[in-house]
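Participant: mind looking at a prediction? Sequence and model below.
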Amino acid sequence: MTFSLFYKKESLVRFIMASLSASIFLGRHGAARAFLATPTFTSVLRGGSEFSALHVQQQRFTTSTTIYSTAHAQPELLKTLIAPKLTQKSFGGLSYMDTRSATSKEFFRVLFVLGGPGAGKGTQSALMEEHYPTVHLSVGELLRNEQTKENSPFREIIQTYLVAGQIVPVEISLSLLQHAMREKEQQQGRQLIFLVDGFPRNYDNLNGWCDVMSEVAALWGVLVYQCPLNVLEERILKRAKDSGRSDDNLESLRKRFQTFVGETIPIVETLRDASTATAEHESSQWCVTDISGDQPLQDVWLATQAVLNQLILHDVVTANVALLESIENDDVTTYQSLCDHLWFEGKDVAEVMQAQEGKSQMNVRDAQLDVISGRHVALSYRRMFEGVDVCEKRIWMHQGIHGWRNVHFSRTP
């Protein structure tokens, strides 16, 4: 399938110059990855490699651009969506993924949140951010905020695309997205899941993600909120009364519907095919989950919670296993890092560990996990302790930049 793009010469020049002069970092932890305003050496630095940003711009602004069907999706690129290799394990019969390798490496963990305009992506993402250790990043919101900045080199081109109901060039979206991820991680720690709302929307987005983000981000799942178009239209028109958004009008709405059906739905199917094709690979545990948005809000939220609960299970069980290992190995430093700091106020950590835990044994069985809330989880299990069969229960709490910590412990016969 192909479509043609026509640009006024002066608009094209403005956009290329704006892109090349923007100093929006693409790196992490201070790494200098930026669009450089140098006509003789224009590149985007990525993990020690480089590719021509000017070439990207030249490729983009041909008069005819090909959008590939799922049959022409690039399998090698799609492999870069897979999370860092994780190990499937069992803790007392409870299956989990050991996430230590994922959280110790410099990867943003990402959930794509997709659906038509008005399907509930923003509402559900806001609920997830409120109740779970997640960060909601709406690409559309980032773009709308950027277009309000008078000194932004992207302001005019973003506004033009949004009003026309078209998808903003991927280089701009990914620049803003990665910059926002880096800022949030510095503020809230590394044990986060980023909810990327409304991205990818077409093959250009997907290929751009695989190329630019593969070394800094790993996909942990895809949420797709399905909703009939007539319901979406009704919701958007209702929202337009008080949203103040330039693209919340009937003309833009219909263009966005057309874009969603023609470009985003094929992306969902490509992601679904990719997750199915790699389902048997031990490092590929992500999947596409469809959630009906055409139902009461509470029912949609319950379906969303089921997905998030499974993801935090991996982190909590991994932390619990690491805690038991620290006891077994007399690793005071790791033990302290996984427990609430109030346990140790005015006390020797080693003495607390010895008095409370004794010498750990890893013969665990009958493990059960209960999600009290998205940031409070109870994990109970039975094991032999000093020759006695006991039940241990640990309450884990996500404490922001410190991640998951054990805040309560009990042992009963």
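Facilitator: Yep, it's here.
Participant: find the residue ranges of the stretch 301-413 of the chain scoring beneath the pLDDT cut-off.
Facilitator: 359-362 (pLDDT under 70).
Participant: what about the helices in it?
Facilitator: With helices called from DSSP state H, counting those that start in this stretch, the stretch 301-413 of the chain shows them at 332-337, 349-357.
Participant: closest one to Ser152 among these?
Facilitator: For the helices of the stretch 301-413 of the chain, proximity to Ser152 was assessed by Cβ to Cβ; helix 332-337 is nearest, at 40.6 Å. The C-beta positions use only the backbone N, C-alpha and C, and glycine is treated the same way.
Participant: any idea how far that closest one is from the middle of the chain?
Facilitator: The chain centre lies 29 Å from the centre of helix 332-337; the measure is Cα atoms, centre = their mean, to the nearest Å.
Participant: what is that helix packed up against?
Facilitator: helix 297-328, helix 349-357 (3 or more Cβ pairs under 8 Å, 6 or more residues apart in numbering; DSSP states H and E).
Participant: of these, flag the one that's most buried.
Facilitator: helix 297-328 (a mean of 19; mean count of other Cβ atoms under 10 Å).
Participant: how distant is that one from the center of its chain?
Facilitator: That offset, for helix 297-328, works out to 16 Å (Cα atoms, centre = their mean).
Participant: stretch 157-173 too?
Facilitator: Computed by Cα atoms, centre = their mean, the chain-centroid distance of stretch 157-173 equals 22 Å.
Participant: and that stretch, how far apart are its ends?
Facilitator: One end of stretch 157-173 sits 12 Å from the other (Cα to Cα, to the nearest Å).
Participant: who wins for proximity to Trp209 among the helices and strands packed on helix 332-337?
Facilitator: Between the helices and strands packed on helix 332-337, helix 297-328 lies closest to Trp209; by Cβ to Cβ that is 19.7 Å.
Participant: what's the neighbour count on Trp220?
Facilitator: 24 (other Cβ atoms under 10 Å).
Participant: pairing partners for the strand or helix carrying it, with directions?
Facilitator: Here Trp220 sits within strand 217-226, counting by DSSP states H and E. When pairing is defined by DSSP bridges, strand 217-226 lines up against strand 108-115 (parallel), strand 288-292 (parallel).
Participant: following the chain onward from it, which element is next?
Facilitator: helix 229-243.
Participant: what's the angle from that next one to strand 108-115?
Facilitator: With axes from the mean of the first three to the mean of the last three Cα atoms, to 10 degrees applied, the angle from helix 229-243 to strand 108-115 works out at 110 degrees.
Participant: may I see the buried residues of helix 229-243?
Facilitator: 232-233, 235-236, 240 (16 or more other Cβ atoms under 10 Å).
Participant: which element is Glu130 on?
Facilitator: helix 121-131.
Participant: repeat for Phe194
Facilitator: Applying DSSP H and E, one finds Phe194 within strand 193-197.
Participant: starting at the chain centroid, how far to that strand?
Facilitator: With Cα atoms, centre = their mean, you get 3 Å for strand 193-197.
Participant: do the same with stretch 146-164
Facilitator: For stretch 146-164, the distance to the chain centre is 25 Å (Cα atoms, centre = their mean).
Participant: now render the helices of the stretch 301-413 of the chain as a markdown table, adding distance to Arg254.
Facilitator: Shown next, in a markdown table, are the helices of the stretch 301-413 of the chain (distance: least, Cβ to Cβ, whole Å):
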| stretch | distance to Arg254 |
| --- | --- |
| helix 332-337 | 54 |
| helix 349-357 | 63 |
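Participant: out of those helices, flag the one nearest Glu171.
Facilitator: helix 332-337 (38.9 Å).
Participant: ok, and what's touching the closest one?
Facilitator: Residues outside helix 332-337 that contact it (Cβ atoms under 8 Å, 6 or more residues apart in numbering): 322-323, 325-327, 344, 349-350, 353.
Participant: nearest to Leu174 among those?
Facilitator: Looking across the contacts of helix 332-337 and measuring by Cβ to Cβ, the closest to Leu174 is Ala322, at 33.4 Å.
Participant: tell me who's in contact with the closest one.
Facilitator: 100, 334, 338.
Participant: list buried members of those by neighbour count.
Facilitator: For the contacts of Ala322, buried by 16+ other Cβ under 10 Å: Leu338.
Participant: returning to that earlier point: mind giving me the packing neighbours of the helix or strand that the helix holding Glu130 is followed by?
Facilitator: Once the chain leaves helix 121-131, the next helix or strand it forms, by DSSP H and E, is strand 134-138. The contact analysis (3+ Cβ pairs under 8 Å, 6+ apart) places strand 134-138 against helix 121-131, helix 170-188, strand 193-197.
Participant: mean confidence score for strand 134-138?
Facilitator: Taken as a whole, strand 134-138 has a mean pLDDT of 95.
Participant: likewise for stretch 217-228?
Facilitator: 91.
Participant: nearest residue to the middle of this structure?
Facilitator: Val110 (1.9 Å; Cα atoms, centre = their mean).
Participant: picking up where we left off before, which of the helices and strands packed on strand 134-138 sits closest to Glu392?
Facilitator: helix 121-131 (26.4 Å).
Participant: for that closest one, buried residues please.
Facilitator: In helix 121-131, counting by 16+ other Cβ under 10 Å, buried: 121-125, 127-129.
Participant: assumed Asn151 was part of a helix.
Facilitator: No: going by DSSP: H, G, I helix; E, B strand; the rest coil, the assignment for Asn151 is coil, not a helix.
Participant: ok and the helix or strand hosting Pro266 relative to strand 108-115, angle-wise?
Facilitator: Per DSSP H and E: Pro266 is located in helix 265-277. Counting by the same axes, to 10 degrees, helix 265-277 lies at 130 degrees to strand 108-115.
Participant: what mean pLDDT does helix 265-277 have?
Facilitator: Per-residue scores along helix 265-277 average to 85.
Participant: give the other helices and strands that it contacts.
Facilitator: Secondary-structure packing of helix 265-277 (3+ Cβ pairs under 8 Å, 6+ apart): helix 75-78, strand 108-115, helix 203-212, strand 217-226, strand 288-292.
Participant: in a markdown table: these, plus distance to Leu176.
Facilitator: A markdown table is the format used below for the helices and strands packed on helix 265-277 (distance: least, Cβ to Cβ, whole Å):
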| stretch | distance to Leu176 |
| --- | --- |
| helix 75-78 | 22 |
| strand 108-115 | 14 |
| helix 203-212 | 12 |
| strand 217-226 | 14 |
| strand 288-292 | 25 |
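Participant: I am finished for the moment; much appreciated.
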